[in-house]
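Undergrad: below are the sequence and a predicted model; questions follow.
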Amino acid sequence: MASPKRVDVNLEPDASDFAFPAAGELNPGKAKDFPVNPTSSEVVAMSNKLKEEEVREQKKKKKEKEKKEAAERFKSTIIMSGMVVAVVGAIFAITNKLREK
C-alpha cells in the first residue's frame, strides 16, 4: 500500500513575507531599553527596606535574649554556689559540735 504524498497548501499570498525573523531582529527599529515603572520600583524598595528592618529587629531581639540568658545563668550559678557554701558551713559546724562532745 502506498503512502499518501504530502500536499503543501498555500492559502496566504506571498508566504515568504511572513517568515520568522532571525534572533534579535524582531523589531530592530524599537529601543531595547524599557522604561521602569517608578511606582513598582518604589514598592520593591519599600519591601526590601521593611525586610531589612525586620532582620535588624530580629538580630536585636536575639542579642537581648542572649544577654538575658547569660544574666540568668550567672544568677543561678551564684545562688547554687551560695547554697553549696551554706551546706559546707553547716557540715563544718556539725562536725565541730560533735568533736566538742
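TA: Alright, I've got the coordinates. The shown structure was predicted, so the numbers you read here are calculated from the model rather than taken from an experiment.
Undergrad: stretch 84-92 - what's its average pLDDT?
TA: Regarding stretch 84-92, the rounded mean pLDDT is 97.
Undergrad: okay, now residue 50: neighbour count?
TA: 10 (other CB atoms under 10 Å). C-betas here are computed from N, CA, C, even on glycine.
Undergrad: what about it, which helix or strand?
TA: helix 38-100 (DSSP states H and E).
Undergrad: now residue 35
TA: Per DSSP H and E, there is no helix or strand for residue 35.
Undergrad: relative to residue 54, how far out is it?
TA: Look at residue 35 and residue 54: by CB to CB, to the nearest Å, they are 31 Å apart.
Undergrad: so between those two, which is more surrounded?
TA: Counted by other CB under 10 Å, residue 35 and residue 54 do not tie: residue 54 has more neighbours, with 10 against 6.
Undergrad: so where's the protein uncertain?
TA: Residue ranges of the chain with pLDDT under 70: 1-32, 34, 36.
Undergrad: swap in 90 and give it another go.
TA: The model of the chain has pLDDT under 90 over residues 1-46, 100-101.
Undergrad: what about residue 51, how many residues nearby?
TA: 10.
Undergrad: now residue 40
TA: Neighbours of residue 40 (other CB under 10 Å): 9.
Undergrad: what's the spacing between it and residue 101?
TA: 92 Å.
Undergrad: do the same with residue 64
TA: Residue 64 is 56 Å from residue 101, by CB to CB.
Undergrad: between the two, which one's more packed in?
TA: Using other CB under 10 Å as the criterion, residue 64 and residue 101 rank with residue 64 on top: 10 against 4.
Undergrad: enumerate every residue touching that one.
TA: For residue 64, no contacting residues are found, by CB atoms under 8 Å, 6 or more residues apart in numbering.
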